[in-house]
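In: any chance you can model this:
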Amino acid sequence: MRVFFRTASMVGGALIAMALANPALAFTACQVTDTGGIDDNSFNQTAWKGVLDAEQNLGVEGRFLESQAETDYDANINSLIDGDCDIIITVGFLLGDATEKAAKANPDQPFSIVDFAYDPPIENVLGQVYATDQAAFLGGYLAAGMSKTKILGTFGGINIPPVTIFMDGFVRGVDHWNAVKDDNVTVLGWNVDTREGLFTNNFDNLDDGRAYAQNLYDEGADIVLPVAGPVGLGSATLADELGVDKLKIIGVDADLYYTDTERQHVYLTSITKRMDATVAAVIETTMNGHFEGGVLVGTLENGGVSLAPFHDMDDMVPDALKAEVEALRASIIDGSISVSD
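Out: Alright, predicted model coming up:
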């Protein structure tokens, strides 16, 4: 278990000066990661960036506990209960049960969980969820328009909703391309109707990412969407070795062009969910005394999800296709196109 603590004196700003002058303004945000690590180039790291942004902009103190395995969840959360945490943020769908247990046992402690929400809501837990199928729909349409083989591939880490929602949107975006263009682009690795597909059953084995991408490439896929956190870095390594003329990767969660700098040239785009923005917003709301349990949803409209720029591949994407993707974005936002059933 790795523990991190950053003091408010390490960042600048007027709010920090006020907090240091008046201890009553001090605020501590504590975070428990899922497996994969705080520096996973994916959802743990993006959520932690929200705490770092709150340190920078609001003068809070941030701490994290890193889960090495699922058996760490309960212990990590419980170790923070009496740790002067003004809010405890847990990261990942798999922490849902542990967070619920701790929240119900400690009703005066505010919690927020990334990628999970409760029905019925828990009064002291704010769930942060994301309509990533909206951005993935754009990614699927884009990939269909860019594929030379007319075969795309995807695989997930674990068959859970925060993973499969990417795959749902991606496949439906390809279906929309086929309907509009009278084309027949296929997606290997996920069946929206049967809910069956390819899963590595982990979020940390880069060798699996390489192997699954290799299998999809061998079956003809020239663009692959890995929805498996750091596992996808293995897919990016394969694309780097093969060359982007043969295999391109679509990243998830963060804009991997910036987080996977050694292989940034292999990313056509990334389907991003702004966990950093929602985490920072929850911290600010709580700090201002307005915390409420319930659900916070990130969408294309509010910027909680998006499709990253094309970066090094910008010149490869035809202007007409770019315009179609932007038109789709507007249609999803105004509700004239539905990305799910």
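In: most centrally placed residue in the protein?
Out: Asp253 (3.0 Å; Cα atoms, centre = their mean).
In: surely that residue meets Asp40?
Out: No - Asp253 is beyond contact range of Asp40, at 9.0 Å (criterion: Cβ atoms under 8 Å). From N, CA and C alone the C-beta is placed, and that goes for glycine too.
In: who touches both of the two?
Out: Gly229 (Cβ atoms under 8 Å, 6 or more residues apart in numbering).
In: how about Glu301, secondary structure?
Out: coil (DSSP: H, G, I helix; E, B strand; the rest coil).
In: which residue packs closest to it, ignoring adjacent ones?
Out: Excluding its sequence neighbours, the residue lying closest to Glu301 (Cβ to Cβ, 6 or more residues apart in numbering) is Ile333, at 4.7 Å.
In: what does Ser235 give?
Out: Ala213 (3.7 Å).
In: the nearest residue to Asp53 once chain neighbours are set aside sits in which helix or strand?
Out: Closest residue to Asp53 apart from its sequence neighbours, by Cβ to Cβ, 6+ apart: Ala280 at 4.6 Å. According to DSSP states H and E, Ala280 maps onto helix 275-287.
In: picking up where we left off before, show me what contacts the residue nearest to the centre of the chain?
Out: Contacts of Asp253 (Cβ under 8 Å, 6+ apart): 42-43, 46, 229, 270-273, 275.
In: could you identify the least confident member of these?
Out: The lowest pLDDT within the contacts of Asp253 belongs to Ser42, with 83.
In: from Val187, how far off is that residue?
Out: With distances taken as Cβ to Cβ, to the nearest Å, Ser42 is found 22 Å from Val187.
In: on that earlier part again, quick one, phi psi at the residue nearest to the centre of the chain?
Out: Main-chain dihedrals, Asp253, degrees, to the nearest 10: phi 70, psi -80.
In: so what's Glu100 up against?
Out: 118, 122, 125.
In: cutoff 7 Å now
Out: 118, 122 (Cβ atoms under 7 Å, 6 or more residues apart in numbering).
In: mind listing what's buried in the strand or helix carrying it?
Out: Element membership for Glu100, per DSSP H and E: helix 96-105. Residues of helix 96-105 classed as buried: 96, 98-100, 102-103 (neighbour count, 16 or more other Cβ atoms under 10 Å).
In: ok, then the element right after that helix?
Out: Past helix 96-105, the next helix or strand by DSSP H and E is strand 111-114.
In: so what strands line up beside that next one?
Out: strand 87-91 (parallel), strand 125-130 (parallel) (DSSP bridges).
In: most tightly packed of these?
Out: Of the strands paired with strand 111-114, the one with the most neighbours on average (mean count of other Cβ atoms under 10 Å) is strand 87-91, at a mean of 29.
In: pLDDT on that strand, on average?
Out: So the average pLDDT for strand 87-91 ends up being 98.
In: how far does that strand sit from its chain's centre?
Out: Strand 87-91 has its average C-alpha position 15 Å from the chain's average C-alpha position, going by Cα atoms, centre = their mean, to the nearest Å.
In: please apply the same query to stretch 107-119.
Out: 17 Å.
In: mind starting the numbering at 166 from now?
Out: Will do, 166 is the new start, and the previous item becomes stretch 272-284.
In: now it: buried residues?
Out: So stretch 272-284, judged by 16+ other Cβ under 10 Å, has buried residues 274-283.
In: can I get these in TSV including distance to Phe302 and pLDDT?
Out: Converted to TSV, the buried residues of stretch 272-284 look like this (distance: Cβ to Cβ, whole Å; pLDDT from 0 to 100):
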residue	distance to Phe302	pLDDT
Gln274	37	97
Pro275	34	98
Phe276	31	98
Ser277	27	98
Ile278	25	98
Val279	22	96
Asp280	19	94
Phe281	22	95
Ala282	21	95
Tyr283	26	97
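In: which of these lies closest to Ala344?
Out: Asp280 (30.4 Å; Cβ to Cβ).
In: so that closest one makes contact with Pro327?
Out: Yes - Asp280 is in contact with Pro327 according to Cβ atoms under 7 Å; the separation is 4.3 Å.
In: the stretch 316-465 of the chain: strands as residue ranges?
Out: 316-321, 351-353, 355-356, 361-362, 388-392, 413-418, 432-438, 459-463 (DSSP state E, counting those that start in this stretch).
In: out of the ones you listed, which one sits most buried?
Out: It is strand 388-392: most buried of the strands of the stretch 316-465 of the chain by mean count of other Cβ under 10 Å, with a mean of 31.
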